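Participant: I'd like to go over a predicted model; first the sequence, then the structure.
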Amino acid sequence: MTHTTLITGRWLRAQYRQPALIAFTLVQPAIWLLLFGQLFRGVVNIPGFGDSSYIAFLTPGIVMMTALMNSGWSGTTFIADMERGVMDRMLASPVSRGGLMAGQLISNATTTVIQTILVFAIGFAAGARYDGGAGGYAITVFAAMLVGTAFGSLSNAVALLTRQDEALIGIFQFVSLPLTFMSSIMIDPRVAPHWVNVAARFNPVDWAALAARQALSAAPDWSSVARHGLYLVAFTLIVGWLSTRAFRTYQRSI
């Protein structure tokens, strides 16, 4: 815990010394929400679509999409540390490998929380309303943090294994776009092709979107929220553990 706290402080200081990066990460989800909200608003007229307001349907999805997309860049900070020799010095010290991974992911999670609040604020201004209360919003924030942590862990692992920005970005783009479009982020699964619904059942991003929408609804299906939430927690813990083991592979290769 001490190591995690120290590493978190290091990444937070580095992160908030880059105002341009902060501005971009806050503006990006706003653009996505307003752009996709206008572009696809007509889908509510498709028979079987389960929501009368597309912006209300889309907002939780954009929260998860933002968490996913930002997590893909997590590994670039590890690559920068490797190129400067900082990673080697860290691994030669007594610092916990779990602390190295967790500290960086926690600092990224703070950005996810701020982005989630911003997306909800813009969604509210655009007309989105939810009856789930504070509990629904809290579950949405927690689900977004899990998505960011899980895929941030994978991004860090790829960075440790490839040590190249180009490889990391290419692999992440290859993975993130299918995960986005084979989910309920932008479209109600009831009007999507059957094969998309089948793929979405195994998609962690879809688990998060479904849990958030249920928690924000007027009559939540708490069994669905709990089930998808547990899936997401289990996935995050497993990939976090596997990603931490990537440090060993990196050390053997230097």
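Facilitator: Received the coordinates, thanks.
Participant: give me the number of residues near Pro166?
Facilitator: I think there's a mix-up here, since residue 166 is Glu and not Pro. Neighbours of Glu166 under the rule other CB atoms under 10 Å: 8. In short, each C-beta sits where N, CA and C put it, glycine included.
Participant: again but with Leu39, I slipped
Facilitator: When neighbours are counted by other CB under 10 Å, Leu39 registers 11.
Participant: what bits of the protein have low per-residue confidence?
Facilitator: 47-48, 50-52, 254 (pLDDT under 70).
Participant: how about the helix or strand Ala246 falls within: buried residues?
Facilitator: In this structure, Ala246 is located in helix 222-253 according to DSSP states H and E. With burial defined by 16 or more other CB atoms under 10 Å, the residues of helix 222-253 counted as buried are 225, 228-229, 231-232, 235-236, 239-240, 243-244, 246-247, 250.
Participant: and the residues you listed as TSV, adding distance to Asn203?
Facilitator: Listed next are these as TSV, based on distance: CB to CB, whole Å:
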residue	distance to Asn203
Val225	17
His228	11
Gly229	15
Tyr231	10
Leu232	11
Phe235	10
Thr236	14
Val239	14
Gly240	18
Ser243	19
Thr244	24
Ala246	23
Phe247	28
Tyr250	29
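Participant: quick one, strands of this structure?
Facilitator: Applying DSSP state E to the chain gives no strands.
Participant: ramachandran angles for Pro193?
Facilitator: phi -60, psi 150 (degrees, to the nearest 10).
Participant: burial of it, as a residue count?
Facilitator: Neighbourhood size, Pro193 [other CB under 10 Å]: 11.
Participant: same check on Asn108?
Facilitator: As a burial measure, Asn108 scores 26 neighbours (other CB under 10 Å).
Participant: quick one: contacts for it?
Facilitator: 11, 70-71, 74, 148-149, 152 (CB atoms under 8 Å, 6 or more residues apart in numbering).
Participant: how about the residue nearest to Ala167 when sequence neighbours are not counted, what does it touch?
Facilitator: Ranked by CB to CB, 6 or more residues apart in numbering and with sequence neighbours excluded, the top spatial neighbour of Ala167 is Val158, at 7.3 Å. The contact partners of Val158, taken as CB under 8 Å, 6+ apart, are 75, 167-168, 171-172.
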